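> Sequence first, predicted coordinates after that:
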Amino acid sequence: MPEGHTIHRLAGELSRAFGGRVVGVSSPQGRFAAGAAVVSGSVLVRAEAHGKHLFIGFAGRRWVHVHLGLYGKFDVVSGGPPAGPVVGQVRMRLAADDAHADLRGPTRCEVVGDAEKDAVAARLGPDPLRGDDPGRALERIGRSRAPIGVLLMDQAVVAGVGNVYRAEALFRAGLDPARPGASVPEPVVRSIWADLVGLMSQGVRTGRIDTVRPEHEPEAMGRPPRVDDHGGEVYVYRRNGQPCLVCGTPVAAGRAAARNLFWCPNCQH
DNA sequence: GCCATATGGAAAG
DNA sequence: TTTCCCTATGGCA
């Protein structure tokens, strides 16, 4: 599901599966029919990710701009498209001889040109997964009274961080999400950036979010392994009420900027 | 069947 | 700050 690592991973999958090939583009659901017709039958050059935005580049300098939103999915499957009825609401289907990909529930799926693509990228902050310099993010955070937990999720500050990485990076840094950005020493913000680069890069490789250090794995702590319904091992995300993996204090939950927020009130200050 | 929920973001008020 | 959009899923009548 869609934080920046998912989108960067998708860009790689799409580039490998379809890059350099003529691709059929359709909209079984119909809502992207006009856009699909524009690019269908042209060569898919490559796909790029900027934060949580995916751009699928076709010959002729046209891009399909996709944003998965909260529950969009984009499944890339080897083998041509299956015969028979399409299952569910497929906004866009990419099809080649040996691969197909189905997009469902995106918040955005549109054909754009270079200028619109550049405009989207320009309003994003540096992206830990693009090797960007964090300078602009450090400045924004360093002079902001907004909570660090809100700033990390602001795509204009840091691109690609979502609710899971936000919660986990702050836990790993021992920082209370409510701390004003300006109160966090710059070296600490730098270390959070470096941590995000490592965590999110691993997420691209594995396709899941794992943030628990080996010494805190349940097995290492003498507890039974934990079954996690979103597929990764995390310290605090959606573990409210359960004991902190480090100190045992119940994990707290709240809302910040209309999103769920989780933290350990004992470990994070 | 109905309702709540979800790793997001933009628009409306 | 609230509302709305996009889709699938699991819990509960």
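On my side now, so go ahead.

> So A:E3 versus DNA strand C, what's the distance?
With distances taken as CB to the nearest atom of the strand, to the nearest Å, A:E3 is found 15 Å from DNA strand C. C-beta coordinates here come from the backbone N, C-alpha and C atoms, glycine included.

> next one: stretch A:141-156 to chain centre, how far?
Distance of stretch A:141-156 from its chain centroid, counting by CA atoms, centre = their mean, to the nearest Å, is 18 Å.

> does it come close to DNA strand C?
No: judged by CB under 7 Å from any atom of the strand, stretch A:141-156 and DNA strand C are separated, with a smallest distance of 10.1 Å.

> buried ones in that stretch?
Buried residues in stretch A:141-156, counted by 16 or more other CB atoms under 10 Å: A:141, A:144, A:147-155.

> What confidence value was assigned to the residue in the stretch 51-200 of chain A that DNA strand C sits nearest to?
At 2.4 Å from DNA strand C, A:G88 is the closest residue in the stretch 51-200 of chain A, using CB to the nearest atom of the strand. For A:G88, the model assigns a pLDDT of 94.

> And A:P2, by the same measure?
pLDDT at A:P2 comes out at 88.

> How about the contacts made by the residue lying closest to it once chain neighbours are set aside?
Spatial nearest neighbour of A:P2, excluding adjacent residues (CB to CB, 6 or more residues apart in numbering): A:L68 at 3.9 Å. By CB atoms under 8 Å, 6 or more residues apart in numbering, A:L68 lies in contact with A:1-2, A:6-7, A:52, A:54, A:74, A:105-107.

> mean confidence score for stretch A:71-82?
Rounded mean pLDDT across stretch A:71-82 is 94.

> residues making contact with that stretch?
A:1-2, A:10, A:13-14, A:17, A:54, A:66, A:68, A:93, A:95-107.

> Need the buried ones from these selected in ChimeraX.
What follows is the ChimeraX syntax selecting those of those that are buried according to 16+ other CB under 10 Å:
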select /A:2,10,13,14,17,54,66,68,93,95,96,99,100,101,102,103,104,105,106
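
> Would you state the helices of the stretch 101-250 of chain A in chain order?
For the stretch 101-250 of chain A, the helices defined by DSSP state H, counting those that start in this stretch cover A:114-122, A:135-142, A:148-151, A:163-173, A:186-206.

> which ones are touching A:T211?
Contacts of A:T211 (CB under 8 Å, 6+ apart): A:168-169, A:171-172, A:199, A:232-235.

> Try it again at 7 Å.
Residues in contact with A:T211, defined by CB atoms under 7 Å, 6 or more residues apart in numbering, are A:168, A:172, A:199, A:234-235.

> do A:G35 as well
Neighbouring residues of A:G35 by CB under 7 Å, 6+ apart: A:64, A:110-111.
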